[in-house]
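J.: my questions concern the predicted model and sequence given below.
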Amino acid sequence: MKSLRISLRAGERIYVNGAVLQPDRKVSLEFLNDVVFLLESHVIQAEETTTPLRQLYFIAQTMLMEPSNASATLKLFEASYALLQSSLENDEILTGLAKAWDLVAADRVYEALKVIRVLFPLEAAILGKQAARNNSALEIA
């Protein structure tokens, strides 16, 4: 097993196996075994879940941050995933969602978060185009 070293700034949080750690000074951590963690910069807050993909990300993130509720959260992820699969038409997003689903099913939630995060700009572009169409339709009416 190869070790993993992470450097944190003072006050920067890291979520490790459901625990929240916040150093009071700059610190380097070395993980010597398998660990599930999220850096604070990869965590989105509930108020940031303004789009369907961000909501799915938040659900997956919750599986890592609250491992004691992971089975219930997985059911919520499954339901949200199914809804997105049935309502989206963009092939790139659908392919990414399928990959994220496979990763979650294989208990590789951290990797699934990375896949979903990559889809955010594409979703934003699609939603931006839809908003522009809606605004122009309002101007015509």
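T.: All right, it came through fine.

J.: domain boundaries for the chain, per the record?
T.: Structural domains annotated on the chain: 1-43, 45-140, as defined by automatic domain parsing.

J.: so how far does stretch 56-76 reach from one end to the other?
T.: When the termini of stretch 56-76 are compared using Cα to Cα, to the nearest Å, they are 9 Å apart.

J.: about what we covered before: and the domains of the chain, which is most packed in?
T.: Sort the domains of the chain by mean neighbour count, taking mean count of other Cβ atoms under 10 Å, and domain 45-140 sits at the top with a mean of 15. The C-beta positions use only the backbone N, C-alpha and C, and glycine is treated the same way.

J.: can you give me how far that one is from the chain middle?
T.: Between the centre of domain 45-140 and the centre of its host chain there is 7 Å, according to Cα atoms, centre = their mean, to the nearest Å.

J.: for the most centrally placed residue in the chain, give me its contacts.
T.: With distances taken as Cα atoms, centre = their mean, the residue of the chain nearest its centroid is Tyr57 (2.9 Å). Contacts for Tyr57 were tallied using Cβ atoms under 8 Å, 6 or more residues apart in numbering; they are Ile44, Thr49, Leu113, Ile116, Arg117, Phe120.

J.: just Asn17 next, same as before
T.: Counting by Cβ under 8 Å, 6+ apart, Asn17 touches Val35, Val36, Phe37, Pro67.

J.: and the second one, what pLDDT?
T.: Read that as Val36. Val36 carries a pLDDT score of 82 in this model.

J.: measure it to Gly18 for me?
T.: Remark: distance between Val36 and Gly18 (Cβ to Cβ, to the nearest Å) = 8 Å.

J.: all helices of this structure, in order?
T.: Taking DSSP state H, the helices of the chain run over residues 52-65, 70-87, 91-105, 109-140.

J.: adding mean pLDDT, write those helices out as CSV.
T.: Rendered in CSV, the data for these read as follows (pLDDT from 0 to 100):
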stretch, mean pLDDT
helix 52-65, 95
helix 70-87, 94
helix 91-105, 96
helix 109-140, 78
